[in-house]
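# I need the structure of the sequence given here:
(one chain, ligands or ions: 2)
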Amino acid sequence: MHATRTGTDGTELAVSPEIGTWLEHRSGHADAWTAAELVAAKRGRTVSVVIPARDEAETVGEIVRTIRTTLMEAAPLVDELLVVDSDSQDTTAAVAAEAGADVVAQDDVLPALPRHRGKGEALWKGLAATRGDLVVFVDGDLYDFTAAYVTGLLGPLLTRQGVDYVKGFYHRPLAEDGHREADGGGRVTELVARPLLNMFWPQLSGFVQPLAGEYAGRREVLEAIPFVTHYGVEVGHLIDLVEWRGLDALAQIDLGERTHRHQTTQALGRMSAQIILTILDRLERYDRMSLSVPPATLLAQFQRAVTGPGTGVERDLVLTDLTLEERDPLARVPRDTGRSLRRTA
Ligand SMILES: O=c1ccn([C@@H]2O[C@H](COP(=O)(O)OP(=O)(O)O)[C@@H](O)[C@H]2O)c(=O)[nH]1
Ligand SMILES: O=C(O)[C@@H](COP(=O)(O)O)O[C@H]1O[C@H](CO)[C@@H](O)[C@H](O)[C@H]1O
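Numbers count the residues shown, from 1 in each chain. Ligands and ions are numbered 1, 2, ... in the order given. Now for the predicted structure:
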């Protein structure tokens with residue numbers, strides 16, 4: 001990829017040489033490795049896959065079956081497959097178990113700790129409940145998941161030196177109600193995360209999908225960083241890791257195309273606010289900005305009235321507490337490490 005472009009006024013624009021070099025040698029494609037090659041590359045290391053799932057009964061079963069049949073039975077690449085049931089109100093847990101996953105309720109992991117809600121909480125609990133040396137995170141709402149998602153993310157971790165964390169990237173169509181916009185997905189990425197990361201952590205500007213829900217890392221690194229409990233978890237990881245390990249310890253892999261269940265615009269508004277608050281928190285944490293007045297954390301949204309007049313604007317008021325909560329690095333949390341994994345040669 002030529003990391004230069006001509007600006008609107010004809011001037012030559014270019015990403016920094018660091019980004020250009022990183023794009024060249026820390027980006028790759030999922031097809032670069034076969035499962036058999038990665039099994040041979042394990043050399044005693046074990047692999048866990050964690051799927052956070054809240055009300056994903058429609059899609060989680062196929063994802064689990066794909067991993068179990070192709071990456072556990074046909075090739076012993078994945079040693080542990082865990083679905084974290086994150087307060088589902090549907091049959092997610094039963095569907096996942098039937099398809100062959102281990103299943104744990106989010107609140108049943110480290111139950112003595114205070115409870116939190118959110119995706120990051122599900123991921124942190126999944127990390128705590130597994131033992132693999134390498135951990136792969138895959139969302140449970142994917143419609144076109146393939147085993148290459150997992151082999152692609154594991155490739156750099158099993159075959160490259162110095163890589164601690166690998167993000168997936170893909171084309172993200174916006175497909176809903178029979179309408180499909182080829183690259184309309186990743187709305188929070190394009191409208192919120194990418195602009196802010198480019199402004200404040202330009203070294204991360206080479207990530208095609210900084211919010212991708214498919215990524216993998218080395219356990220000792222994943223257990224050394226905090227997990228924001230809500231949707232700020234991905235952006236929090238990227239900032240914390242680039243500050244701690246440096247850009248060269250991060251990689252990204254082309255996984256092709258990804259379609260998933262899309263949330264409403266208002267839900268993405270809440271997600272955006274959580275991501276913005278996470279970035280503001282990191283700006284202060286890394287001494288890049290000091291806010292004389294801390295941001296408010298109550299989000300007021302308005303939706304078409306279903307309960308009749310009450311707000312004076314003929315709409316229902318939806319209030320969300322966006323207080324940033326995060327789990328400490330798991331390495332600091334005493335826990336039963338009794339569960340071990342069979343280590344293959
Ligand atoms: O509190 C939560 C919120 C989300 N998720 C899961 O995290 C993944 C990504 O969440 P979502 O699809 O809501 O985010 P999006 O992909 O729309 O940004 C999905 O498997 C969700 O079921 C979860 O386990 N707990
Ligand atoms: O990338 C995005 O903009 C959002 C929303 O995606 P869509 O606009 O619904 O395709 O999805 C991602 O963001 C979440 C917050 O980081 C992640 O948890 C999701 O896994 C990821 O799909």
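# got a list of what residue 61 touches?
Residues in contact with residue 61 (CB atoms under 8 Å, 6 or more residues apart in numbering) are 95, 96, 98, 99. (Each C-beta comes from the backbone N, C-alpha and C, glycine too.)
# of these, which is the nearest to residue 69?
Nearest to residue 69 out of these is residue 99 (CB to CB; 9.7 Å).
# now the closest one: phi and psi?
phi -80, psi -10 (degrees, to the nearest 10).
# quick check, it in contact with residue 60.
Yes: using CB atoms under 8 Å, residue 99 is in contact with residue 60, at 7.3 Å.
# those two: which is more packed in?
The neighbour comparison of residue 99 against residue 60 (other CB atoms under 10 Å) goes to residue 60, with 31 against 20.
# by neighbours, which of the contacts of residue 61 wins?
residue 96 (28 neighbours).
# among the contacts of residue 61, which are in helices?
Secondary structure defined by DSSP state H assigns 95, 96, 98, 99 of those to helices.
# ok, so of the residues you listed, who is nearest residue 134?
residue 96 (21.1 Å).
# what's the neighbour count on the residue nearest to residue 280 when sequence neighbours are not counted?
Excluding the flanking residues, the one nearest residue 280 by CB to CB, 6 or more residues apart in numbering is residue 295, at 5.8 Å. Other residues near residue 295 come to 12 when the count uses other CB under 10 Å.
# ok, residue 92 next?
Residue 92: 26 neighbours (other CB under 10 Å).
# go ahead and confirm it touches residue 98.
No: under the criterion of CB under 8 Å, residue 92 makes no contact with residue 98, lying 10.9 Å away.
# for ligand 2, what are the nearby residues on the stretch 1-150 of the chain?
Residues of the stretch 1-150 of the chain lying near ligand 2 by CB under 6 Å from any ligand atom: 119, 139.
# what does the stretch 1-150 of the chain put close to ligand 1?
Looking at ligand 1, the residues of the stretch 1-150 of the chain close enough under CB under 6 Å from any ligand atom are 52, 53, 54, 56, 86, 117, 118, 119, 122, 139, 140, 141.
# do that again at 5 Å, thanks
52, 53, 54, 56, 86, 118, 119, 122, 139, 140, 141 (CB under 5 Å from any ligand atom).
# and for the stretch 201-345 of the chain?
Checking the stretch 201-345 of the chain against ligand 1 by CB under 5 Å from any ligand atom, the hits are residue 263.
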